[in-house]
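Enquirer: okay, predicted coordinates and the sequence, questions at the end:
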Amino acid sequence: MAHAWRRAILASLVPLGLALPAAAQAPRERLTIGLAQYPSTFHPNIEAMAAKSYILGFARRPITAYDADWQLTCLACERLPTLENGDAVLERTPDGKDGIRLTYRLREGERWADGTPVSAEDLRFAWEAGRSFETGFGGAEFYRSAYELIVVDPRTVTLRLDKVTYDFAAMGDFQPLPARIERPRWESDPKTYRSRTAYDTETTNPGLWNGPYRITAVQPGAGVTLERNAHWSGPAPAFERIAIRTVENSAALEAQLLAGQLDMVAGELGLPLEQAVALQRRTGDRFRVEYVPGLTYEHIDLNLDNPVLADRRVRQALLHGADRAQIVERLYQGRQQVAAGGVHPRDTVYDPDVPQYPFDPARAVALLEEAGWKAGPDGIRRNAEGQKLSFEFMTTAGNRAREQVQQVLAGMWRAIGVEARIRNEPPRVFFAETVSRRRFEALAMFAWVSSPANVPRSLFHSDEIPRAERNWSGQNYTGYRDAEVDRLIEAIPVELDPAKRQPMWAALQRRIATDLPALPLWHRSDAHVWPRWLEGVRPTGHQNYSSLWVTEWRVR
């Protein structure tokens with residue numbers, strides 16, 4: 001009777017907002033994370049999108065990844081192949097080129113969430129689908145180079161590559177795909193496989209997921225629910241369930257955090273930096289906020305098939321006409337670093353002598369005049385045929401920071417006689433259709449994130465321009481073509497001597513910075529907002545996101 005009376009008193013306190021003693025509080029079994037975008041696909045190898053990479057970090061395991069210390073490590077494999085341990089062997093290819101043989105052994109106990117072992121056959125299927133370019137996988141250069149895959153035993157494969165690169169052990173996004181589920185769909189028609197994959201038609205199928213979590217519910221455009229993978233053999237994750245909520249409007253994202261509907265906002269794709277700074281000022285120590293500089297690069301892709309943008313002088317004028325330093329100071333409190341190109345100054349391959357484009361409206365005007373664009377009666381320049389110097393300018397709708405940047409840049413360009421017509425789309429449309437299929441008319445603003453010392457083949461090599469016959473694989477959305485850039489991109493990876501690579505890196509950065517197929521804006525510092533009770537999250541600052549190491553997250 002006394003126990004019942006005590007329970008009644010305690011229950012009456014809870015609605016009044018009085019906290020129970022720590023010993024009586026229920027353990028935290030759930031974590032709710034806010035994210036600013038929703039994936040256009042859940043297939044690990046189709047379309048590059050930050051939202052997908054972050055979510056799949058909880059549910060998938062690539063072979064290798066770079067950790068928070070920017071060191072290459074095994075995730076699904078037992079050890080990295082090296083020449084010293086014998087898992088990497090130099091050899092000649094059948095056509096007489098220098099090649100390498102790499103052996104990877106899957107970790108013991110790796111299982112899909114339906115209990116089926118992850119096997120070498122799953123790696124074989126991923127390799128075969130990637131080698132068939134009509135499938136439309138990203139990372140095409142890896143599949144071009146890996147000309148043979150040999151199944152050694154159920155957990156071991158050997159890959160034969162037709163070139164020896166300095167980062168040969170890094171497998172990038174190469175990861176097992178469940179052959180028993182995906183192979184029949186792919187074999188029936190590789191060209192339409194991307195629209196029929198189980199990752200999008202049966203996303204909650206446990207047989208698709210081999211990470212600490214599996215996706216158990218999907219609300220298209222709104223969110224994803226992940227629950228523990230009962231067959232996960234690694235360290236047990238702290239939470240029974242993780243809910244990812246997509247809130248594409250950054251003001252609404254902040255409001256849900258403050259209302260307690262979200263526990264945290266992922267820094268990889270969450271609150272704009274200046275919004276997080278203001279939030280921290282208002283809320284004091286309610287949240288833990290960390291600002292992490294990294295390899296996320298904000299830029300504007302230019303469609304070089306547009307005949308006006310095909311003139312390099314116009315591209316250079318646009319950059320000289322943009323006061324990026326003022327934007328960084330006023331919108332981001334100086335916490336972003338103005339970029340000279342896609343390589344971050346923290347990166348070991350950065351060239352400090354890369355061409356710079358300081359804010360110089362007079363120089364911008366001179367370049368436009370030289371290119372034949374004269375001032376018109378309304379202030380907008382026109383060429384000899386009377387065509388207005390007017391561009392459509394796109395980015396992700398709902399991202400308040402980007403939309404502010406658009407407005408500021410449009411005003412700056414108008415001052416030099418260039419009209420920017422703003423038209424934005426939801427991220428899932430912008431990335432899945434408009435950008436990836438090069439349907440943007442002129443300017444598309446978004447961010448790339450890379451791994452350390454990343455050779456930008458997919459962004460700037462002419463063979464990576466997306467086109468229908470390749471099912472839109474490749475990420476050279478600008479349509480940039482330059483024979484010398486192609487040569488350098490091909491030569492850098494196969495030069496094993498770091499001292500000889502560095503001048504090649506410098507030449508590549510200088511040539512791209514001179515041509516400007518994309519306008520560099522700044523290197524982002526991401527704002528990570530966590531609850532005080534969460535520990536162990538380690539932002540990496542590169543494309544292998546913190547979610548890959550969710551088993552290190554703990555409740556304090």
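Expert: Received, thanks. Keep in mind it's a predicted model, so treat the numbers as computed, not measured.
Enquirer: show me where pLDDT drops low in this protein?
Expert: Within the chain, the stretches with pLDDT under 70 are 1-27.
Enquirer: ok, now how distant is the closest residue to Thr82 other than its chain neighbours from Leu161?
Expert: Residue nearest to Thr82 in three dimensions, not counting chain neighbours: Ala88, with 5.6 Å by Cβ to Cβ, 6 or more residues apart in numbering. Every C-beta, even on glycine, is put in place using the N, C-alpha and C of the backbone. Distance check for Ala88 against Leu161: by Cβ to Cβ, to the nearest Å, it reads 10 Å.
Enquirer: picking that back up, ok now do the residue nearest to Thr82, which residues does it touch?
Expert: Residues in contact with Ala88 (Cβ atoms under 8 Å, 6 or more residues apart in numbering) are 81-82, 100-103, 168-169.
Enquirer: in the residues you listed, which residue is surrounded by the most others?
Expert: Of all these, the most densely surrounded is Pro81 (24 neighbours; neighbours counted as other Cβ atoms under 10 Å).
Enquirer: sec struct for Arg421, please.
Expert: strand (DSSP: H, G, I helix; E, B strand; the rest coil).
Enquirer: what is the neighbour count of the spatially closest residue to Ser250 that is not a sequence neighbour?
Expert: Leaving aside its chain neighbours, Ser250 sits nearest to Arg400 (4.4 Å; criterion: Cβ to Cβ, 6+ apart). Arg400: 18 surrounding residues under other Cβ under 10 Å.
Enquirer: Arg400 and Ala251 touch, don't they?
Expert: Yes: if you go by Cβ atoms under 8 Å, Arg400 and Ala251 touch, sitting 6.2 Å apart.
Enquirer: kindly reformat the contacts of Ala88 as a markdown table containing secondary structure.
Expert: Listed next are these as a markdown table, based on three-state DSSP:
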| residue | secondary structure |
| --- | --- |
| Pro81 | coil |
| Thr82 | coil |
| Ile100 | strand |
| Arg101 | strand |
| Leu102 | strand |
| Thr103 | strand |
| Phe168 | coil |
| Ala169 | coil |
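Enquirer: Pro377: which of the residues you listed is nearest?
Expert: Distance to Pro377 across these (Cβ to Cβ) is lowest for Phe168, with 60.5 Å.
Enquirer: distance of the residue nearest to the closest one when sequence neighbours are not counted relative to Cys74?
Expert: Setting aside the residues directly before and after it, Phe168 is nearest to Ile100 in space (Cβ to Cβ, 6+ apart), at 5.6 Å. Here Ile100 is placed at a distance of 18 Å from Cys74 (Cβ to Cβ).
Enquirer: phi, psi for Leu35 please.
Expert: phi -140, psi 140 (degrees, to the nearest 10).
Enquirer: and it, what does it touch?
Expert: Leu35 touches 51, 54-55, 244-247, 265-266, 269-270, counting by Cβ under 8 Å, 6+ apart.
Enquirer: which helix in this protein runs the most residues?
Expert: helix 498-515 (DSSP state H).
Enquirer: possible to save the contacts of Ala88 as JSON lines with distance to Trp373?
Expert: Output for the contacts of Ala88, formatted as JSON lines (distance: Cβ to Cβ, whole Å):
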{"residue": "Pro81", "distance to Trp373": "55"}
{"residue": "Thr82", "distance to Trp373": "56"}
{"residue": "Ile100", "distance to Trp373": "51"}
{"residue": "Arg101", "distance to Trp373": "56"}
{"residue": "Leu102", "distance to Trp373": "53"}
{"residue": "Thr103", "distance to Trp373": "58"}
{"residue": "Phe168", "distance to Trp373": "48"}
{"residue": "Ala169", "distance to Trp373": "50"}
